[in-house]
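Participant: just need the structure, nothing else, for what follows:
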Amino acid sequence: MLWETIIGLEVHVQLATKSKIFSGASTSYGSSANERACAVDLALPGTLPVLNERVVELAIALGLAIDGNIASYSTFARKNYFYPDSPKGYQISQFEDPIVSNGRLKIVAENDLKIINITRAHLEEDAGKSVHGEYTDVTAIDFNRAGTPLLEIVSEPELKNAKEAVSYLKELYYLVTSIGICDGNMQEGSFRCDANVSIREQGAEMLGTRTEVKNINSFKYVERAINFEVVRQREILENGGKVSQETRLFDPEKNETRAMRTKEDAHDYRYFPDPDLPPILINEAQIDKVRATLPELPWDKRARYVEEYDLSLDEASMLANDYSVSNYFEKCLGESTLSPKFVAHWIVGGLFSLLNKHSTTISFSRVSPASLNELLGKIFRKEISANAGKRVLEIMWETLNDVDKIIDEEELVQISDDSVLQQSVDKIVKDFPQQVQEYKDGKEKILGFLVGQVLKQTQGKANPEIVKTMLERILKA
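Facilitator: Below is the predicted model of the structure:
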């Protein structure tokens with residue numbers, strides 16, 4: 001039997017505010033347990049929530065970026081459930097009147113562009129965190145995250161497989177980090193998603209029973225969790241069983257999902273309007289004010305890099321998708337007369353290699369744009385070779401020394417003087433008579449071998465273009 005997979009994602013984006021959504025408590029990460037939980041967050045008697053105006057501005061920014069409808073009238077509701085990490089016994093969220101609706105996001109699926117519709121994006125507060133294992137036979141609760149502002153972005157069930165889901169999730173990640181509404185730190189829970197997965201017989205109209213895999217905080221785990229869930233549901237149905245509507249958790253060590261609880265529907269939460277919070281009223285002047293602050297969107301930046309700088313789409317994507325990377329790249333261009341393609345090649349190649357080696361990001365690069373430009377200028381002017389440039393880049397990272405000092409200490413200046421190179425070229429011609437004869441017999445590719453031998457003899461300092469010209473002149477004489 002052929003099956004069709006239907007996936008919808010609910011992405012929880014932590015908004016980049018200094019204080020929480022309904023209190024003045026700090027949102028900073030890494031504090032001692034309950035240090036960032038104030039009386040409002042703990043729902044102590046007599047406390048009332050007050051909306052943080054900044055979260056509305058950030059939600060509007062998202063709405064503009066996805067070409068969504070921004071509600072002129074938006075309300076908060078109480079979502080009732082009873083878990084220990086929810087101090088009120090309910091969560092303040094939005095239900096009937098979300099702040100953003102009917103948006104869209106363009107993704108690449110099977111080498112083609114596809115539009116994924118976004119049903120809604122609504123504001124809500126985060127819950128606390130259950131802590132297991134700290135105390136014998138007792139679960140502790142850390143309320144530091146309680147009240148942290150979230151924007152939940154809900155896609156239509158239009159994703160057809162795990163790879164499409166990851167493509168959508170990455171594009172959304174690039175967007176929210178580029179426009180500055182989220183820091184994107186997945187390890188700290190700033191960007192995480194719930195995956196709603198169902199399957200049905202191919203051609204069927206009715207959706208299958210869905211399961212929700214909760215709180216997945218990496219692209220790799222999203223793909224693995226969805227793939228496991230699709231296989232699990234297919235096996236159940238093909239063996240005559242029924243898929244249960246439930247919430248599941250993904251265990252990355254066992255590479256499997258497991259049941260957590262029965263999946264609730266909206267009516268189970270008994271939503272009703274929050275009497276303590278007035279509606280949010282948004283006018284065109286507020287929207288225009290936010291629109292004026294929006295930076296270039298990642299897909300526009302990718303297209304510009306391809307068009308203006310003649311970069312490949314892969315290069316443009318690697319530079320444009322991450323705001324910190326594009327900022328570094330454009331700082332390099334602003335301080336240099338070198339071609340953007342040349343600069344891009346060295347960032348994507350040499351610098352990215354060092355960042356990966358040291359498990360860090362470009363924000364913490366030990367090589368500044370100015371230092372990289374100085375190095376690239378010397379490579380472009382052929383004062384040092386490209387291979388020597390790679391070595392200088394590595395030493396710059398390790399020592400923070402300037403380019404000239406490293407080149408002097410390592411004796412990396414490129415040799416371009418014919419009279420200096422002549423002795424090395426003559427020696428290689430004499431030492432490799434068989435290869436010389438093969439070249440003369442028409443095997444011209446052997447020239448690369450001979451050039452390599454000269455470079456080896458000069459410890460990589462010889463200018464390869466000059467060496468090639470000298471060898472051709474001698475061998476064709």
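Participant: and the residue nearest to Ala37 when sequence neighbours are not counted, how far from Glu96?
Facilitator: Ranked by C-beta to C-beta, 6 or more residues apart in numbering and with sequence neighbours excluded, the top spatial neighbour of Ala37 is Phe143, at 3.8 Å. Glycine gets a C-beta too; all of them are placed from N, C-alpha and C. Noted for Phe143: a distance of 28 Å to Glu96, by C-beta to C-beta, to the nearest Å.
Participant: of the two, who's got more company?
Facilitator: Phe143 (22 against 10; other C-beta atoms under 10 Å).
Participant: tell me the secondary structure at Asn401.
Facilitator: coil (DSSP: H, G, I helix; E, B strand; the rest coil).
Participant: so who does the residue nearest to it when sequence neighbours are not counted touch?
Facilitator: Spatial nearest neighbour of Asn401, excluding adjacent residues (C-beta to C-beta, 6+ apart): Ile395 at 6.8 Å. Ile395 sits next to 401, 406, 410 when contact means C-beta atoms under 8 Å, 6 or more residues apart in numbering.
Participant: which members of those residues are classed as buried?
Facilitator: Buried members of the contacts of Ile395, scored by 16 or more other C-beta atoms under 10 Å, are Ile406.
Participant: now the residue nearest to Asn401: how far from Lys88?
Facilitator: Ile395 is 57 Å from Lys88, by C-beta to C-beta.
Participant: do the same with Ser326
Facilitator: Ser326 is 41 Å from Lys88, by C-beta to C-beta.
Participant: one step back: could you check how far the residue nearest to Asn401 is from Ser365?
Facilitator: From Ile395 across to Ser365, the span is 15 Å (C-beta to C-beta).
Participant: domain map for this structure?
Facilitator: The chain breaks down by automatic domain parsing into domains covering 13-157+170-200+263-286, 298-410, 418-475.
Participant: pick out the shakiest of those domains, pLDDT-wise.
Facilitator: Of all the domains of the chain, domain 418-475 carries the lowest average pLDDT, namely a mean of 84.
Participant: end-to-end on it?
Facilitator: 16 Å (C-alpha to C-alpha, to the nearest Å).
Participant: if we ignore the residues flanking it in sequence, what's nearest Trp346?
Facilitator: Leu376 (5.8 Å).
Participant: pull the number of nearby residues for the one you found.
Facilitator: Neighbours around Leu376, by other C-beta under 10 Å: 23.
Participant: same deal with His345?
Facilitator: Neighbour number of His345 under other C-beta under 10 Å is 15.
Participant: cool, and Val429?
Facilitator: Going by other C-beta under 10 Å, the residues that sit close to Val429 add up to 18.
Participant: which SSE is it in?
Facilitator: helix 418-431 (DSSP states H and E).
Participant: buried ones in that helix, by neighbour count?
Facilitator: Neighbour counts over helix 418-431 (16+ other C-beta under 10 Å) mark 421, 424-425, 428-429 as buried.
Participant: buried stuff in the helix or strand following that helix?
Facilitator: Next along the chain after helix 418-431, taking DSSP H and E as the criterion, comes helix 433-440. Residues of helix 433-440 classed as buried by neighbour count (16+ other C-beta under 10 Å): 435-436, 438-439.
Participant: helices or strands up against helix 433-440?
Facilitator: Judged by 3 or more C-beta pairs under 8 Å, 6 or more residues apart in numbering; DSSP states H and E, the packing partners of helix 433-440 are helix 446-457, helix 464-475.
Participant: before we move on, the earlier item: tabulate the buried residues of helix 418-431 (JSON lines), appending distance to Gly334.
Facilitator: JSON lines is the format used below for the buried residues of helix 418-431 (distance: C-beta to C-beta, whole Å):
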{"residue": "Leu421", "distance to Gly334": "37"}
{"residue": "Ser424", "distance to Gly334": "40"}
{"residue": "Val425", "distance to Gly334": "41"}
{"residue": "Ile428", "distance to Gly334": "43"}
{"residue": "Val429", "distance to Gly334": "47"}
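Participant: re earlier: between helix 446-457 and the helix holding Val429, find me the angle.
Facilitator: Per axes from the mean of the first three to the mean of the last three C-alpha atoms, to 10 degrees, the angle that helix 418-431 makes with helix 446-457 is 110 degrees.
Participant: and the contacts of helix 418-431?
Facilitator: Contacts for helix 418-431 (C-beta under 8 Å, 6+ apart): 415, 436, 450, 453-454, 457-458, 462-463, 466-467, 470-471, 474-475.
Participant: for these, name the two members farthest from one another.
Facilitator: Ile415 and Val436 (22.0 Å; C-beta to C-beta).
Participant: the residue nearest to Asn401: which element?
Facilitator: Counting by DSSP H and E, Ile395 is part of helix 386-399.
Participant: what about the spatially closest residue to Val306 that is not a sequence neighbour, how many residues close to it?
Facilitator: Counting by C-beta to C-beta, 6+ apart, Val306 lies nearest to Ala316, which is 4.9 Å off, once chain neighbours are set aside. By other C-beta under 10 Å, the residues close to Ala316 number 23.
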